[in-house]
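Q: Structure for this input, please:
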Amino acid sequence: MKKNILFLAGLFLLLSGTLMAQTKVSGLVVDDTNAPIPYANVYFKGTSEGVITDENGKFYLESSSTYDEVVISFVGFAPKEIKLTKPVTYNLSVKLNEAQELKEVVLYSGKTSKKNNPAIDILRKIWERRRKNGLKMFKQYEYDKYEKVEFDMNSIDSAFMKNKIFKGMEFIFKHIDTSNVTGKTYLPIFINEALSKVYGDNVANRKKEVTTANKNSGFSDNQQVIAFIKDLYTDYDIYDNYLKFFDKDFVSPLSRTGINVYNYVLADSTYIDTKWCYNIVFYPRRKGELTFKGNFWVNDTTFAIKRIAMSASKAANINWVKDIYIEQEFDVLNDSVFLLNRDHMMTDFALNKKEKSKGVYGKRTTLYRDYVFDKKRPDDFYVAEVNKYDEEIHEKSDEFWDENRFESLNKDERGVYKMLDTLKTVPKFKRLYSLVATLGSGYYQMGHFDYGPIFSSFGYNDVEGIRIRTGGRTYFGQNDPWRIEAYTAYGFKDNKFKYGTSGKWMVNRDKRIILAGGNRRDIEQTGVSLTATSDVLGRSFASSSLFASGDNSKLTNVNFTTFSAEIEPVKHLVIRGSFNYRTLESASPETFRMDYYLDPNDHSKGTKGSLKQYEFGALLDYTPGRRTIGYGVERTDVDLNYARLYLNYSQGIKGLFGSDFEYQKLQFYYRQPVLVGGFGRLFATLEAGKIFGDVPLGLMGIVPGNQSYFIIENTYNLLNYYEFVADEYVSLHFEHNFNGRLFSRIPGLRKLNLREIIGIKGIYGTVSQGNIKLNASSIVYNAPQDVYWEYHAGIGNIFKVFRIDFAWRGSYLDMPDANKFAVKGVFGFHF
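A: Sure, this is the predicted structure:
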C-alpha cells in the first residue's frame, strides 16, 4: 500500500506541473537499539522550518523552497545532518547515537525538571507578558480576515480507486495531492472560502465579525455538514490556559498549568526576521491526556510567540480523530508588537488511529492583515443583528475572488470547484450523497419534500402495541421562510389512526417574527417533562419506546391545537405569545383513570374523566452563546453547549370554548454548562414551577420518571411515571463528565479511553389541599416534600459509542415498589 501511495504521490507531483520548487522528506528516527525516538527535532539546515517526530519516531517535512540538507537532533543524542540528493526523499531511516563529547551533551532528556530549567524560566516570562502582547495591547482593533476550509479523503491508494463504488466517477482521482504535514495522498471533497471584517473593543469586551463574501462547493446545502464544520473550527488564543477543540479542553503549551503536564526543552536560538528567538520543544509528561507535542519560537525581549507548531498526542482521549496539527505565525509591528498573520489547523478524522487507516482531512487556513488600532466605535455598533442574511455575499464572481483572496489558490484547489460541481451531476454520487444526508438528518429528500423522520417510523407501547408512523415536511433549503409538516400513525393493538400537522411562516426575517399553528391527535405519555414546550408535533421518547420496564399503560389521548406568534427583538432572546386548546382523556380507562370530582366538597355530584381546556401563554427564551445554522423559519443548533433561561406563564380561562378550569401556571428553566478547565464539563439544570388554582391530574406538574432502559435528559432514573406529582416544585440536576481525566492516570484503563461521569438529582415539591380534594383519578398524589434525590455514576466512550450509568435511589426507599437501583445506557457519537 505504501508503495502505491508513494507512486501516486510522485505521479501527481509530476502531472501538477508545479512552477515552484519543493523539498519533501519523510522517515523514521531511532536510537542505537532501533527503538523509535519520539519528539526529535527535524529541520532544514540553516532555517527555522521544521517539525518534531511523532510518538513512533516518524516525521514528514515539506517546504516550498529548495534545500539539500536536513538536521535531526534530540536531547541526549548527537545531532545528525543528512544530505538530500533529490527534491523528494521518502522513508529515510535515521539512527542517532548517544552524545559522547561534552559539547554534544544536552541537559534534558525524558521527563524534564521543573527546577533549573531555562525553558521554564522563559515560559514564566511568557506568562508575565501574555496580556501585553498582540491585540490585548490596544483598546480597540480592526482587521481583515480570509478563511479557507477544505475537507479531503486521505490515504488514497490504487485499491481504493478501483473500488466499484467509484465506477463512473474515476475523473475525481485526477485531483489527488500529497499533504505537506503527513505525506499522505488526499482527494478534496469540500471547499469553503470566506472574507470578513473583524472589530473588537477590549475595554468593553466586545467583538463583531461581518462576513463580506462566501463561496463554497461540495456538500454546501447539507445542514449537518455545515453545522459540523462550524463546530469543528472555533476561534482560540494560543495564550489561553485551555484550548477548546471538538468540545474538549486541551492544555495549552503556554498554560500556567503546562509545567504539570508538559516537558519543556530549550533546543535552539537564532534570528527570525531580524528578531533573536529561542526555540522550545514541548511534549507530554503522560499519555492519555489532552495535550500536544511541538515547538515554538519566542522573542528574547518581548517574550511574544513568533511561530508555533504542534500536534495532538495520538494517545489523547478523543474519538474519530487520528491527528491534529496546528501552526501559527506572527508578524512584527513597530519592532515590538507581534500580531497573528497566519493560522493553519489540520485534523485527520478516522474510525481508528492505525497508521494506514483511511480517513478525512479537515483543514482550515486563516490569514489576517490590515490591522487598525484604537479606533473607537459607537456602543450600538457591536449589537448583534438578529437574522441578517445577504444573498449577495454568496454570489461574488470569480473575478472578485481572484482580486480579493489574501493568497491565490493552487492548481489543485482551483480544480476542486469544477470537479465537485461536475461530481454532483453524476447519478451514482447523488444516490450516495442522498444516503449520507438521510442518515445525518433523519429525513429522505424527495424533491422539495422530506420524508421522515425515519427513526420514528416504528414504536411500541402497552395501549397501541406496535405503532407505525409516516410523515414528512416541505424543504426547499436551509433558509426557507415557511415550512409545513404532517404525519399519521397507526396502532395495531388499539386499531386507531393518529395524526398531526403544523405550519410556520416567518413574516419578518430581520426580527424573526414567526407565526405558527397546528393540531395533533395522538396518544401521549404525559408528565415526562416538568417544563412545558409548545412543539405541537413533539412526542416524548417514553410514548413509544420499544424497550421499557414496568407498566407503560398510563397514556393519554391528546387533542391539542395551538397558534403562536414570536419575535426575536435582540439576538438570542425570543418572546412568544400563544393560544392553546386541548382535550385530554385516558387512553386506557381500564388501567388508568384521569377523573376529577365535579364538586370537591360534594362527591355525590360525580366525577368526570375527560378534560377540555383553553389557555393563553407568554414565554421568554434566552440562549446566550447559542450558535445556529441557517436563517430560515427553522434553524439547526451547532451544539448544545450554551446556557438557556426559559420563563413561561400560562393562564387557563374557565368557560371559554367550554374550558373546565381557571388557573395560572408559572414555570422557570435554567440550564448552564460549565467548563472546568482540564477536568471536563459540568451541566447544571434548575427547574421551578407553581400552579395557582385547583386543577386535575391532566394539568398537574408530574415529576418525570424514566421507565425506559435508556438515559433521558431531565428525568429521574429510579422513578416510575406518576410516582410523584406536585403543583409547586424546585428541581436541581448536576452532572459532570471528566472526559477521561481520572481513568487516564490508571494503568490498564488508560488505553481504553473510557470517560467517567457522576451526577446527582433532587426535587422538592408539594400538593395543595384543594388539588388533593379534586383528585378522583387512579393516581394517589404523593409529593416529594421531604426531597426526593438520586445519584449516578457512569462510564462513557465504551467502544467509542456507548455509555452506561448506574443509578441509586437516595430517599423514599420505603415506598411500595420503589426502584432502588437501575442500569441505563445510551448510544451516541462524540469526540
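Q: In the helix or strand hosting Thr685, which residues are buried?
A: Assigned by DSSP states H and E, Thr685 falls within strand 681-692. Neighbour counts using 16 or more other Cβ atoms under 10 Å place Arg681, Leu682, Phe683, Thr685, Glu687, Ala688, Gly689, Lys690, Ile691 of strand 681-692 among the buried residues. For glycine as for every other residue, the C-beta is placed from the backbone atoms N, C-alpha and C.
Q: After that strand, which helix or strand is next? Please name it.
A: By DSSP H and E, the next helix or strand past strand 681-692 is strand 701-702.
Q: Who are the packing partners of that next one?
A: With contacts defined as 3 or more Cβ pairs under 8 Å, 6 or more residues apart in numbering; DSSP states H and E, the packing partners of strand 701-702 are strand 725-726.
Q: which secondary structure elements does the strand it packs on contact?
A: Partner elements for strand 725-726 (3+ Cβ pairs under 8 Å, 6+ apart): strand 701-702, strand 755-766.
Q: which of these is buried the deepest?
A: Stretch with highest mean neighbour count among those: strand 701-702 (a mean of 24; mean count of other Cβ atoms under 10 Å).
Q: contacting residues for Ile583?
A: Quick fix: residue 583 is Thr, not Ile. Asn557, Val558, Asn559, Ser610, Leu611, Lys612, Gln613 (Cβ atoms under 8 Å, 6 or more residues apart in numbering).
Q: ok, it to Ser610 distance?
A: For Thr583, the distance to Ser610 equals 6 Å [Cβ to Cβ, to the nearest Å].
Q: Adjacent strands (with direction) for the biggest strand by length in the chain?
A: Longest among the strand segments of the chain by residue count, using DSSP state E, is strand 185-201. Strand 185-201 sits in its sheet next to strand 140-154 (antiparallel), strand 177-178 (antiparallel), strand 206-217 (antiparallel), going by DSSP bridges.
Q: By mean pLDDT, show me the worst of the ones you listed.
A: When the strands paired with strand 185-201 are compared by mean pLDDT, strand 177-178 comes last with a mean of 60.
Q: packing partners for the strand holding Thr685?
A: Strand 681-692 packs on strand 663-675, strand 728-737, going by 3+ Cβ pairs under 8 Å, 6+ apart.
Q: Parallel or antiparallel, which strands does that strand pair with?
A: So strand 681-692, judged by DSSP bridges, has these partners: strand 663-675 (antiparallel), strand 728-737 (antiparallel).
Q: so where do the helices sit in this protein?
A: Along the chain, the stretches classed as helices by DSSP state H are 2-15, 118-129, 158-161, 223-232, 398-404, 411-423, 427-441, 769-774.
Q: so Ser207 makes contact with Tyr199?
A: Rather than Ser, residue 207 is Lys. Yes - if you go by Cβ atoms under 8 Å, Lys207 and Tyr199 touch, sitting 7.0 Å apart.
Q: what touches both of those two?
A: Tyr382.
Q: between those two, which one's more packed in?
A: Tyr199 (18 against 14; other Cβ atoms under 10 Å).
Q: where in the stretch 501-650 of the chain is pLDDT low?
A: Within the stretch 501-650 of the chain, the ranges that satisfy pLDDT under 70 run 534, 536-551.
Q: go with 90
A: 510, 524-555, 588, 590-591, 599-606, 625-631, 635-642 (pLDDT under 90).
Q: Tell me which residues of stretch 281-288 come out buried.
A: Quick answer for stretch 281-288 (16+ other Cβ under 10 Å): Val281, Phe282, Tyr283, Pro284, Arg285, Gly288.
Q: cool, and stretch 567-579?
A: So for stretch 567-579, counting by 16+ other Cβ under 10 Å, buried means Glu568, His572, Val574, Arg576, Ser578.
Q: Same check on stretch 49-66?
A: Those would be 49-54, 57-63, for stretch 49-66 by 16+ other Cβ under 10 Å.
Q: now those residues in CSV, with pLDDT and distance to Leu84?
A: Output for the buried residues of stretch 49-66, formatted as CSV (pLDDT from 0 to 100; distance: Cβ to Cβ, whole Å):
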residue, pLDDT, distance to Leu84
Glu49, 77, 13
Gly50, 78, 14
Val51, 80, 15
Ile52, 76, 19
Thr53, 81, 17
Asp54, 75, 21
Gly57, 82, 19
Lys58, 83, 18
Phe59, 83, 14
Tyr60, 81, 14
Leu61, 82, 10
Glu62, 80, 12
Ser63, 80, 11
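Q: Out of the residues you listed, the closest to Ser731 would be?
A: Asp54 (48.2 Å; Cβ to Cβ).
Q: Show the contacting residues for Lys761.
A: Contacts for Lys761 (Cβ under 8 Å, 6+ apart) come out as Tyr716, Ser731, Leu732, His733, Phe734, Trp789, Glu790, Tyr791.
Q: From Lys80, how far off is Phe429?
A: For Phe429, the distance to Lys80 - Cβ to Cβ - is 48 Å.
Q: what do you get for Asp68?
A: 15 Å.
Q: any chance you could map the strands in the stretch 401-550 of the chain?
A: Here the stretch 401-550 of the chain has its strands, by DSSP state E, counting those that start in this stretch, at 444-446, 449-451, 458-461, 465-474, 482-491, 496-508, 513-524.
Q: helices or strands next to the fifth one in the packing?
A: This means strand 482-491. strand 465-474, strand 496-508.
Q: Which elements pack onto the last one?
A: Strand 496-508 is packed against strand 482-491, strand 513-524, with contacts defined by 3+ Cβ pairs under 8 Å, 6+ apart.
Q: Now do it: distance to the chain's middle.
A: 29 Å (Cα atoms, centre = their mean, to the nearest Å).
Q: how big is the angle separating it from strand 513-524?
A: 170 degrees (axes from the mean of the first three to the mean of the last three Cα atoms, to 10 degrees).
Q: Just the angle for strand 496-508 relative to strand 482-491, thanks.
A: Using the same axes, to 10 degrees: strand 496-508 against strand 482-491 is 170 degrees.
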